[in-house]
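Engineer: Have a look at this prediction, sequence included:
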Amino acid sequence: MTFNELVEKVRKLSAKADVSNQDFIAVQINITGKESGVFYVEVKDHKINVEPYEYNDRNCAITMSLTDFNKLIDGKLDPVAAFTVGKLKVDGDVGKAVEFSKLLKQKK
């Protein structure tokens with residue numbers, strides 16, 4: 001999977017998420033490794049947006065490898081376990097990172 005394919009996958013998954021009761025959240029995802037890149041997921045005014053850009057006023061930034069992030073959004077990698085073993089790093093508001101992980105889980 002390429003970085004661009006991952007961003008498109010997140011867009012498709014986010015379209016299924018119910019954000020009607022979600023407060024503002026802006027999470028930047030930093031993908032490391034061979035297929036590195038940056039994108040963000042923003043929930044604002046009960047709409048979700050995914051764009052391949054840096055988000056300067058973000059609540060937090062999550063850094064992971066493409067493989068591990070793909071496992072995370074597929075439900076094959078627990079975010080708490082990933083954080084504990086260092087596969088997932090959070091810079092900023094950890095509470096917003098937890099809210100983001102809940103958005104990922106509700107897609108199924």
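Structural biologist: Looks like it arrived, so ask away. Numbering: from 1, shown residues only.
Engineer: now the least confident helix or strand in the chain by mean pLDDT, how far from the chain's geometric center?
Structural biologist: Least confident helix or strand of the chain, by mean pLDDT, DSSP states H and E, is helix 94-105 with a mean of 84. Averaging C-alpha positions (Cα atoms, centre = their mean, to the nearest Å) puts helix 94-105 8 Å from its chain's average.
Engineer: mind saving the C-alpha coords of that helix as CSV?
Structural biologist: Provided in CSV are the C-alpha atoms of helix 94-105 (Å, rounded to 0.1, in the frame of the first residue of the first chain):
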residue,chain,number,x,y,z
VAL,A,94,-3.7,12.3,24.3
GLY,A,95,-7.4,12.6,25.1
LYS,A,96,-8.0,13.8,21.5
ALA,A,97,-6.0,10.9,20.3
VAL,A,98,-8.3,8.6,22.2
GLU,A,99,-11.3,10.3,20.7
PHE,A,100,-9.8,9.7,17.3
SER,A,101,-9.3,6.0,18.0
LYS,A,102,-13.0,5.8,19.0
LEU,A,103,-13.9,7.3,15.6
LEU,A,104,-11.8,4.5,13.9
LYS,A,105,-13.6,1.8,15.9
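Engineer: Contacts for it, please.
Structural biologist: Contact partners of helix 94-105, identified using Cβ atoms under 8 Å, 6 or more residues apart in numbering, comprise 13-14, 17, 19, 22, 25-27, 41, 43, 48, 59-60, 62, 72-73, 75, 79, 90. (Each C-beta comes from the backbone N, C-alpha and C, glycine too.)
Engineer: what about burial for the residues you listed, which qualify?
Structural biologist: 13-14, 17, 19, 22, 25-27, 41, 43, 48, 59-60, 62, 72-73, 79, 90 (16 or more other Cβ atoms under 10 Å).
Engineer: Mind telling me what element residue 11 is part of?
Structural biologist: Secondary structure assignment for residue 11, by DSSP states H and E: helix 3-14.
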